[in-house]
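Engineer: Curious how this folds, go ahead:
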Amino acid sequence: MVGPKRAAAQSWTVTLPSTPYILAFGGTVRPNSSTELAMRHVLNAVERRGARVKLISGQSLQLPLYQPENSERSDDARALVAELALADGIVIGSPGYHGSISGLVKNALDYAEDLRSDARPYFSGRAVGCIATAGGWPAAVNTLNALRDIVHALRGWPTPMGAAINSSESVFDKSGSCVAPRVAQILDLMAEEILSFPAARSREPES
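Structural biologist: Numbers count the residues shown, from 1 in each chain. Down below sits the predicted model:
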């Protein structure tokens, strides 16, 4: 009896961009907020692994209210959209305002609509690390879930490891270093997952 024909073994090569580019955006208008420090931790971790990084936060996120019917864009809005188009991976951080993401971060996310006709529309093909900070666990967890839902809607791939950070606890010291071992571990794992995704996406069968 002849069994089913087996497919030929496939040989794969993995090519990670020599210098993947990771963009982080979010936080508050206040410099060195807990959210910004958490994003910086992730960026430092991926930079140590050879990535190029950029952070857009603080005053640079005070963008005009997004209006899809109006094609005029401020310099900061154009810069954000341009960096999103270039990014190989993304980190988004938001404080929890009334149990969800802040208006500042939501408005910045709305500008991703300008990428609808891009070669990689919205966040397509990118791993996205989500970070939420709040003065309590319920708001932090709810905000993290909201971020992950938005990333799904924008065709991104939320990393399995997301970070809900209770900022009422001692998490960062005066120098901005993470002093909570479990939080540091989560952020480091997020960095690894963000970088591993481009490698998995770039696997191609040998000819």
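Engineer: use CA for all of it now, contacts and neighbours both
Structural biologist: Noted.
Engineer: Go through stretch 185-200 and flag the buried ones.
Structural biologist: 186, 187, 188, 189, 190, 191, 192, 193, 194, 195, 197, 198 (16 or more other CA atoms under 10 Å).
Engineer: Run through the bridge partners of the closest residue to residue 136 other than its chain neighbours.
Structural biologist: Leaving aside its sequence neighbours, residue 136 sits nearest to residue 166 (CA to CA, 6 or more residues apart in numbering; 5.2 Å). Note on residue 166: beta-bridge partners by DSSP bridges are residue 134.
Engineer: and residue 150, what are its phi and psi?
Structural biologist: Taking degrees, to the nearest 10, you get phi -70, psi -40 for the backbone angles of residue 150.
Engineer: Next: residue 181.
Structural biologist: Dihedral angles (degrees, to the nearest 10) for residue 181: phi -50, psi -40.
Engineer: how much space is there between residue 158 and residue 86?
Structural biologist: Distance, residue 158 to residue 86, using CA to CA, to the nearest Å: 18 Å.
Engineer: what's near enough to touch residue 34?
Structural biologist: By CA atoms under 8 Å, 6 or more residues apart in numbering, the residues touching residue 34 are 27, 133, 167, 172.
Engineer: returning to that earlier point: what about the residue nearest to residue 136, how many neighbours?
Structural biologist: By the criterion of other CA atoms under 10 Å, residue 166 has 21 neighbours.
Engineer: Check residue 178 too.
Structural biologist: 20.
Engineer: Please report the distance of it from residue 59.
Structural biologist: 23 Å.
Engineer: list the contacts for residue 196?
Structural biologist: The neighbourhood of residue 196, defined by CA under 8 Å, 6+ apart, contains no residues.
Engineer: Strands along the protein, start to end?
Structural biologist: Under the criterion DSSP state E, the chain carries strands at the ranges 12-13, 21-26, 52-56, 89-97, 100-101, 127-134, 157-158, 163-166, 204-205.
Engineer: list the helices and strands the longest one packs on?
Structural biologist: This means strand 89-97. strand 21-26, helix 34-48, strand 127-134, helix 137-153, helix 181-201 (3 or more CA pairs under 8 Å, 6 or more residues apart in numbering; DSSP states H and E).
Engineer: Within its sheet, name the partner strands of it and how each one runs.
Structural biologist: In the sheet containing strand 89-97, its partner strands are strand 21-26 (parallel), strand 100-101 (antiparallel), strand 127-134 (parallel), by DSSP bridges.
Engineer: Next, name the residue at the spatial heart of this structure.
Structural biologist: Among the residues of the chain, the one closest to the centroid is residue 91, at 2.0 Å (CA atoms, centre = their mean).
Engineer: which residues touch it?
Structural biologist: So residue 91 contacts 22, 23, 24, 25, 39, 128, 129, 130, 131 (CA under 8 Å, 6+ apart).
Engineer: Switch those residues over to CSV; also include neighbour count and distance to residue 148.
Structural biologist: As requested, the contacts of residue 91 are exported to CSV (neighbours: other CA atoms under 10 Å; distance: CA to CA, whole Å):
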residue, neighbour count, distance to residue 148
22, 28, 18
23, 24, 17
24, 26, 15
25, 26, 15
39, 28, 16
128, 31, 9
129, 29, 9
130, 28, 7
131, 31, 9
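Engineer: Closest one to residue 72 out of the residues you listed, please.
Structural biologist: Distance to residue 72 across these (CA to CA) is lowest for residue 25, with 21.4 Å.
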